[in-house]
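Undergrad: Sequence and computational prediction follow.
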Amino acid sequence: MSKTSILFVCMGNICRSPTAEGVFRHRAEQAGLKLDIDSAGTHSYHVGSKPDQRSMLHALQRGYDLSAQRARQVSVTDFEVFDHILAMDHDNLAILKSRCPAQFQHKLGLFMQYATQSRSDIVPDPYYGGAQGFDTVLDYVEDAADGLIAMLQNCNQNKA
């Protein structure tokens, strides 16, 4: 049986999606889930770059190390390979929908659909704001990560 695979997507793959990847990877490992987890951007602005320094700093303060990640752009093969492709906001979801072949559209969604505490349906972009924005991203991502893990655990229990 192949591992479930999840791709987190934002615009440049240096703030929100690498944070989601790092937080989700950490929490999924703690939950004992074996998953393939990655992140990418809809744009090629930062391909090859480390996550934003502020994202790395705020994540590290909560115990998440993002330093090994490098930005990449979503590829055509991602739509086939990944089981879940989760955008951080409606704009990036719309871009994914416009690029995704029809047979894979069902894999696309918003990451915040799994949140149980936050009322927001998006993870807001912190890039042009202050430090609080990066903490907000972490709050939202932790919430949605926990909800996604619960859903995956429930699916695994139903398969057993």
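TA: Perfect, I can see it now.

Undergrad: now for the helix or strand bottoming out on mean pLDDT in the chain, which elements pack on it?
TA: When each helix and strand of the chain is scored by mean pLDDT, DSSP states H and E, helix 131-159 comes last, with a mean of 92. If contacts are counted by 3 or more C-beta pairs under 8 Å, 6 or more residues apart in numbering; DSSP states H and E, helix 131-159 sits against helix 16-30, helix 53-61. Every residue, glycine included, has its C-beta placed from N, CA and C.

Undergrad: Can you list the buried residues in it?
TA: The neighbour-count check on helix 131-159 (16 or more other C-beta atoms under 10 Å) flags 133-134, 136-149, 152 as buried.

Undergrad: Same question for stretch 76-91.
TA: For stretch 76-91, the neighbour count (16+ other C-beta under 10 Å) marks 78-79, 82, 84-89 as buried.

Undergrad: end-to-end on that stretch?
TA: End-to-end distance of stretch 76-91: 18 Å, with C-alpha to C-alpha, to the nearest Å as the criterion.

Undergrad: got a list of contacts for it?
TA: Contact with stretch 76-91 is made by 4-11, 16-17, 20, 36, 38, 40, 74, 93, 96, 99-101, 104, 107-112, 121-125, 148, as judged by C-beta atoms under 8 Å, 6 or more residues apart in numbering.

Undergrad: May I see the PyMOL selection of the buried members of those?
TA: Of the contacts of stretch 76-91, the buried ones go into a single PyMOL selection, burial set by 16+ other C-beta under 10 Å:
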select buried, resi 4+5+6+7+8+9+10+11+16+17+20+38+40+74+93+96+100+104+107+108+110+111+112+122+123+125+148
